[in-house]
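Build the 3D model from these lines:
(one chain, ligands or ions: 1)
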Amino acid sequence: MRRLVGEDKGGEVIDFTDQVAIVSGAGRGLGRHYALDLARRGASVVVNDLGCAMDGEGADRSIADQVVDEIRSTGGTAVASYESVESPEGGQAIVQTALDNFGRVDCVVSNAGIWGMAPFDEITPEQWQRMINTHLNGGFYLSQPAFKVMKNQGYGRFVFISSSGGAFGIYPSTHYAAAKAGILGLTNNVAIEGARYGILANAVLPFAITRMATATGEPEEGSLLALSRPELVAALTVYLASRACTSSHQNFSSLAGRYARVFIGVADGWISEPGSTPTADDILAQLEKVSATAPFSIPGSIVEEMDVVA
Ligand code: NAD
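Numbering: from 1, shown residues only. So this is what the prediction gives:
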């Protein structure tokens, strides 16, 4: 039976009754909104948050506890997890919390993240490693044990939180951009390998006015960033985490109420004479065709790119 808790907004079909969700970084910002809406729609939620500062330092259990209290106060079901996603043991423990308390894992929103800025030539190896470790390694450490559970169940949904900074670039945070771009690769392969087990994986590239977005200063009133309320992203993330979602291997941007597919495609390009060995001068001569972005296709794997050319 459908179990909508908290405010009933009417006409809702996205429903998580009897399902179990894990949201990492769910104590603040975007993750909190994902957890609240999943719980409101009937999911039992593991609210994971280390409760650290934006640079990853420190820990505070009350951050996850507050969201668990908020969910329970409206009749929802949630349990806190204070582990860091930064180690295989941490990821395993988060999944185990779901299994111990609720017996299964239906969807994982891999959202925990940190932020830092430094010009490319000043990023230290420690800053680089910490950023990659939280975002990319953390995504792997959490999703791998969850994947094993979903594979046995024959059902699962992953929503990996990436960033337009990863897809397109962001100044000055090369380590953040690289980590977030890596998450797109992680999403692609979880989708490819999960397909035969009923597991779907998609990525969300959010914009939201959280402490991360205001780190460099408050946005101007009425600006796109100021209009990017976290609830607007939650709509997309919660859909992708649901039974109703049928897409996989896709990336979506959410910006101030604009929802749009972000994709990596390959253009038809310039096909050199079969058997010939083009030179750098030929590339220069054909640059217009080599650089054109249309027509294009979106291969579902490296093999599909070869099929397009064959
Ligand atoms: P936020 O700082 O408000 O929330 C992030 C949460 O993650 C914090 O509560 C923090 O304690 C937790 N966290 C950090 N490291 C952790 C770890 N190792 N283990 C467990 N929890 C950890 O930030 P936010 O804006 O809500 O960002 C959420 C996600 O969205 C991040 O992955 C971020 O990179 C991504 N993102 C945000 C924006 C934006 O505009 N806000 C844009 C692009 C991407």
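
Tally up the residues packed near Pro274, please.
5 (other Cβ atoms under 10 Å). For glycine as for every other residue, the C-beta is placed from the backbone atoms N, C-alpha and C.

Let's verify it: helix, strand, or coil?
With DSSP: H, G, I helix; E, B strand; the rest coil as the basis, the three-state label of Pro274 is coil.

cool, the one 10 residues further on as well?
When classified by three-state DSSP, Leu284 comes out as helix.

Count the residues that sit near it.
9.

what's the distance between it and the ligand?
To the ligand, Leu284 is 38 Å away according to Cβ to the nearest ligand atom, to the nearest Å.

pLDDT wise, what is the closest residue to Gln153 other than its chain neighbours at?
For Gln153, ignoring the flanking residues on the chain, the nearest one in space by Cβ to Cβ, 6 or more residues apart in numbering is Arg104 at 6.2 Å. Note on Arg104: pLDDT of 98.

next one: Ser254
Predicted confidence (pLDDT) at Ser254: the value is 98.

What residues are bridge-paired with Phe160?
With DSSP bridges applied, Phe160 shows beta-bridge pairing to Ser110, Ala203.

And the strands in the chain, which stretches?
20-24, 44-48, 77-81, 107-110, 156-161, 199-206, 250-255, 258-262, 266-267, 296-297 (DSSP state E).

Show me which residues of the stretch 151-300 of the chain are close to the ligand?
161, 163, 206-208, 210-213 (Cβ under 6 Å from any ligand atom).

Return a PyMOL selection command for the buried portion of those residues.
In PyMOL syntax, the buried subset of these is picked out as below (16 or more other Cβ atoms under 10 Å):
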select buried, resi 161+163+206+207+208+210+212+213
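
Longest helix in the protein, please.
When the chain is parsed with DSSP state H, its longest helix is helix 174-194.

List the buried residues for it?
174-184, 186-188, 190-192, 194.

Surely Gly300 touches Phe263?
No: the pair Gly300 / Phe263 is not scored as a contact, 11.1 Å apart, by Cβ atoms under 8 Å.

So which of the two has more stuff around it?
Neighbour comparison, Gly300 and Phe263: the larger count goes to Gly300, with 15 against 12 (by other Cβ under 10 Å).

now the closest residue to the more buried one other than its chain neighbours: how far from Ile199?
What sits nearest to Gly300 in space, not counting adjacent residues and going by Cβ to Cβ, 6+ apart, is His249, at 6.2 Å. To Ile199, His249 is 11 Å away according to Cβ to Cβ, to the nearest Å.

what stretches of this protein score poorly on pLDDT?
By pLDDT under 70, the low-scoring segments of the chain are 1-9.

In it, mark out all the helices, start to finish.
Using DSSP H, the helices found in the chain span residues 29-40, 61-73, 88-102, 125-132, 138-153, 164-168, 174-194, 230-240, 280-285, 287-291, 302-309.

Most tightly packed of those helices?
Across these, averaging neighbours per residue (mean count of other Cβ atoms under 10 Å) puts helix 29-40 on top, at a mean of 26.

elements contacting it?
Counting contacts by 3 or more Cβ pairs under 8 Å, 6 or more residues apart in numbering; DSSP states H and E, helix 29-40 packs against strand 20-24, strand 44-48, helix 61-73, strand 77-81, strand 107-110, helix 230-240.

quick one: contacts of that helix?
4-7, 16, 21, 23-26, 45, 47, 49, 67, 70-71, 74, 76-78, 107, 109, 111-112, 161, 206, 208, 210-212, 230-231, 233-235, 237-238, 241 (Cβ atoms under 8 Å, 6 or more residues apart in numbering).

now the angle from that helix to helix 230-240?
Here the directions of helix 29-40 and helix 230-240 differ by 50 degrees (axes from the mean of the first three to the mean of the last three Cα atoms, to 10 degrees).

Check the offset of helix 29-40 from the chain's centre.
14 Å (Cα atoms, centre = their mean, to the nearest Å).

and that helix with strand 156-161, angle?
150 degrees.

from here on, count from 53
With the count now opening at 53, the last piece we talked about shows up as helix 81-92.

How about helix 81-92 and the ligand, any contact?
Yes: contact of helix 81-92 with the ligand (Cβ under 6 Å from any ligand atom) involves 81-83.
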